[in-house]
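Novice: please find the sequence and the predicted model below.
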Amino acid sequence: MCDKRPVRMVVARVLVVLAVILAVLSLLAAFIRFQALDTDTASDTASAMIADDEIREQVALSLVEQLYANVDVSEALEQRLPADQQGLAGPIAGAVRELSDRAAVRMLERPRVQELWVGAFTRAHAQLIEVLENETELARVEGGAIVLDLQPLVIELGDRVAIIGQVANRLGPDAGVIEVMDAGELETAQDLTQFLKVLGNWLWIVPVLLFGIALWIVPGRRQSILRMIAVGSIIGGLLVLVLRRVAGSYVVDELVASHSVRPAVGDAWEILTDQLRDGGLTLLGLGVLVLLGSWLAGTSSRSVGARRALAPYLARADVAYGIAAALFLLLLWWQPTVQTSRVPLMLAAAAILVLAVELLRRQTAREVPEPGEIDISGAWRRRRGRQSGT
């Protein structure tokens with residue numbers, strides 16, 4: 001009978017490579033799903049963007065453009081100037097434009113105005129999601145399109161430029177209204193929304209299963225496969241971070257023609273892709289932890305020595321699982337990345353941690369059948385003695 005072990009090892013390695021690729025794809029899918037389709041994320045993004053100096057300045061300039069595009073400032077000034085001075089309306093309007101730019105920047109620094117911006121952004125996003133998920137009728141959407149209504153900010157700015165006066169009465173119904181999506185694009189967007197929700201929420205399960213199958217089919221070579229999973233995860237995490245950086249450079253340097261706008265676009269890219277960066281760091285950190293676990297379960301003299309030192313603690317289930325639970329709760333409290341705040345991912349991580357602790361306990365029990373009692377004070381005295389040379 002032929003030996004199937006080499007074939008199984010090849011299959012296991014192929015599964016690991018495929019799982020790493022799918023893990024990277026799942027991060028991209030989850031990033032798109034939450035960044036584009038989660039209203040809470042959209043609200044947080046809007047808050048972060050309006051708090052950024054460069055972005056706030058560009059928003060201010062856009063508001064001024066909306067104001068001047070919808071209000072004839074020269075005509076408004078002529079109506080308020082004496083008849084013999086109405087010829088000065090044009091030059092004064094130009095000066096008022098410069099004052100409006102500065103007033104808009106100062107206005108957007110105020111918390112109340114920033115709340116207006118976040119509210120407008122969040123309402124438009126919530127309306128968009130309702131339509132994309134078929135939870136509302138298209139007739140309820142303004143003019144057959146999803147819109148972002150910034151008119152309250154334009155009115156706020158106009159009121160600050162007191163020389164114009166009665167801005168709300170001068171603005172048309174479309175002033176400050178930005179179309180987000182046309183009705184003709186809706187059906188395609190709805191189909192894509194459902195696909196992205198499923199992919200972003202559940203694709204991560206597939207690489208986890210593939211990793212598990214790869215470990216299961218090679219019982220005698222699991223150490224090697226664990227190291228491969230760890231290295232693959234580290235490479236995958238680094239790849240996501242590099243892709244984010246390269247794509248950001250392309251967007252800013254190649255697609256933005258105006259040099260004055262590039263700083264704002266660069267800051268916006270950093271904010272919008274913050275979750276993608278978190279995904280790369282999560283995969284990178286996972287790889288480091290798996291590498292550490294692989295070393296701890298290894299056959300080197302240092303690994304064996306580490307297990308012997310931990311044997312008294314691992315022998316007691318309450319201590320071993322208690323320490324693991326404490327570290328896991330610390331991770332949940334810390335939440336270094338957005339992925340560590342998502343319940344399905346953390347439930348899966350908890351299950352894997354329990355399995356890893358149990359496997360390590362059994363391995364150590366076979367190697368050290370009589371681990372002895374836990375003696376923290378004795379270990380501390382021996383360590384102090386070695387440091388002092390006595």
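Specialist: Yep, that arrived. The model shown is predicted, which means the values in this text are computed figures rather than measured ones.
Novice: touching, Leu345 and Gln339? I think so.
Specialist: Yes. Taking C-beta atoms under 8 Å as the definition, Leu345 is a contact partner of Gln339 at 5.6 Å. For every residue, glycine as well, the C-beta is placed using N, CA and C.
Novice: these two: who's more crowded?
Specialist: Gln339 (21 against 17; other C-beta atoms under 10 Å).
Novice: so who does the more buried one touch?
Specialist: Counting by C-beta atoms under 8 Å, 6 or more residues apart in numbering, Gln339 touches 30, 278-279, 282, 345.
Novice: can you lay out those residues as JSON lines showing secondary structure, pLDDT and distance to Ile229?
Specialist: Below are those laid out as JSON lines (DSSP: H, G, I helix; E, B strand; the rest coil; pLDDT from 0 to 100; distance: C-beta to C-beta, whole Å):
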{"residue": "Ala30", "secondary structure": "helix", "pLDDT": "89", "distance to Ile229": "20"}
{"residue": "Asp278", "secondary structure": "helix", "pLDDT": "94", "distance to Ile229": "21"}
{"residue": "Gly279", "secondary structure": "helix", "pLDDT": "93", "distance to Ile229": "17"}
{"residue": "Thr282", "secondary structure": "helix", "pLDDT": "95", "distance to Ile229": "15"}
{"residue": "Leu345", "secondary structure": "helix", "pLDDT": "92", "distance to Ile229": "17"}
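Novice: between which two of those residues is the distance greatest?
Specialist: Farthest apart among the contacts of Gln339 by C-beta to C-beta are Asp278 and Leu345. That separation is 11.6 Å.
Novice: per-residue pLDDT of the residue nearest to Arg302 when sequence neighbours are not counted, please?
Specialist: Nearest non-adjacent residue to Arg302, counting by C-beta to C-beta, 6 or more residues apart in numbering: Trp295, 7.9 Å away. pLDDT recorded at Trp295 is 92.
Novice: surely Trp295 and Ser303 touch.
Specialist: Yes. Counting by C-beta under 8 Å, Trp295 does reach Ser303; the two are 5.8 Å apart.
Novice: low-confidence ranges, the stretch 1-150 of the chain, go.
Specialist: Along the stretch 1-150 of the chain, segments meeting pLDDT under 70 span 1-5, 67-99, 127-128, 131-150.
Novice: oh, I was asking about the stretch 151-300 of the chain
Specialist: 151-191.
Novice: what helix or strand is His259 located in?
Specialist: Counting by DSSP states H and E, no helix or strand carries His259.
Novice: just give me the neighbour total for it.
Specialist: There are 7 residues near His259, going by other C-beta under 10 Å.
Novice: likewise for the one 3 residues further on?
Specialist: Taking other C-beta under 10 Å as the criterion, the count of residues near Arg262 is 16.
Novice: would you mind measuring from it to Ser100?
Specialist: From Arg262 across to Ser100, the span is 23 Å (C-beta to C-beta, to the nearest Å).
Novice: pretty sure Ile234 contacts Leu284?
Specialist: Yes. In terms of C-beta under 8 Å, Ile234 counts as a neighbour of Leu284; the distance is 5.7 Å.
Novice: closest to the centroid, which residue in the chain?
Specialist: The chain has Gln275 as the residue nearest its centroid, 1.2 Å off, counting by C-alpha atoms, centre = their mean.
Novice: what helix or strand is the residue nearest to Arg302 on?
Specialist: helix 274-296.
Novice: in contact with the closest residue to Ala30 other than its chain neighbours, which residues?
Specialist: Excluding its sequence neighbours, the residue lying closest to Ala30 (C-beta to C-beta, 6+ apart) is Gly200, at 4.4 Å. Contact partners of Gly200, counting by C-beta under 8 Å, 6+ apart, are 26, 29-34, 37.
Novice: now do 7 Å
Specialist: For Gly200, the contacting residues are 29-30, 32-34, by C-beta atoms under 7 Å, 6 or more residues apart in numbering.
Novice: next one: it from Gly279, what distance?
Specialist: Gly200 is 11 Å from Gly279, where distance means C-beta to C-beta.
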